[in-house]
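Novice: please find the sequence and the predicted model below.
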Amino acid sequence: MADKMIAPKDGAEEKKRKTSPGEFFSQVKTETTKIVWPSREETVRTAIFVFIFMVILSLFFLGVDTVFGTIVNALIGLLK
């Protein structure tokens, strides 16, 4: 714990240098060259996986909702 740097208590921070618009766009251009787009096969595979997972989750929540709805209706029926 002693090796961790302690921030000054008066709230003083090192001021950050402002980036010019030209430098900003240059940095954006550099970062966009690093983007690796997925192949068509990867995109289709991921879309199929998402669709299957969506169906499984929707069936799960349908079941949970049906069970809770039945329980609530039974409890309301007991109060009448």
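Specialist: Arrived safely, thanks for sending. Keep in mind that this is a model prediction, so the values were computed, not measured.
Novice: going forward, measure contacts and count neighbours with C-alpha atoms only.
Specialist: Will do.
Novice: for the protein, which element, helix or strand, carries the lowest mean pLDDT?
Specialist: Sorted by mean pLDDT, DSSP states H and E, the helices and strands of the chain end with helix 21-32, the least confident at a mean of 93.
Novice: off-centre distance for it?
Specialist: On the basis of CA atoms, centre = their mean, to the nearest Å, helix 21-32 is displaced by 25 Å from the centre of the chain it belongs to.
Novice: one more: stretch 65-80?
Specialist: For stretch 65-80, the distance to the chain centre is 35 Å (CA atoms, centre = their mean).
Novice: pLDDT on the host helix or strand of I52, on average?
Specialist: With secondary structure defined by DSSP states H and E, I52 is part of helix 40-79. Regarding helix 40-79, the rounded mean pLDDT is 96.
Novice: buried residues, that helix. List them.
Specialist: When burial is assessed from 16 or more other CA atoms under 10 Å, helix 40-79 yields no buried residues.
Novice: what packs against that helix?
Specialist: Helices and strands touching helix 40-79, by 3 or more CA pairs under 8 Å, 6 or more residues apart in numbering; DSSP states H and E: there are none.
Novice: thinking again about what came up before, got the CA positions of the least confident helix or strand of the chain in CSV?
Specialist: The C-alpha coordinates for helix 21-32 follow below in CSV (Å, rounded to 0.1, in the frame of the first residue of the first chain):
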residue,chain,number,x,y,z
PRO,A,21,-8.8,20.1,-34.4
GLY,A,22,-6.2,19.1,-37.0
GLU,A,23,-4.4,16.9,-34.6
PHE,A,24,-7.7,15.4,-33.4
PHE,A,25,-8.7,14.4,-37.0
SER,A,26,-5.2,13.1,-37.6
GLN,A,27,-5.6,10.9,-34.5
VAL,A,28,-9.1,9.7,-35.6
LYS,A,29,-7.7,8.8,-39.0
THR,A,30,-4.9,6.8,-37.4
GLU,A,31,-7.3,5.0,-35.1
THR,A,32,-9.7,4.1,-38.0
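Novice: how close does the residue most central in space within the chain sit to I35?
Specialist: Nearest to the mean C-alpha position of the chain, by CA atoms, centre = their mean, lies V50 at 14.8 Å. Per CA to CA, to the nearest Å, V50 is found 22 Å from I35.
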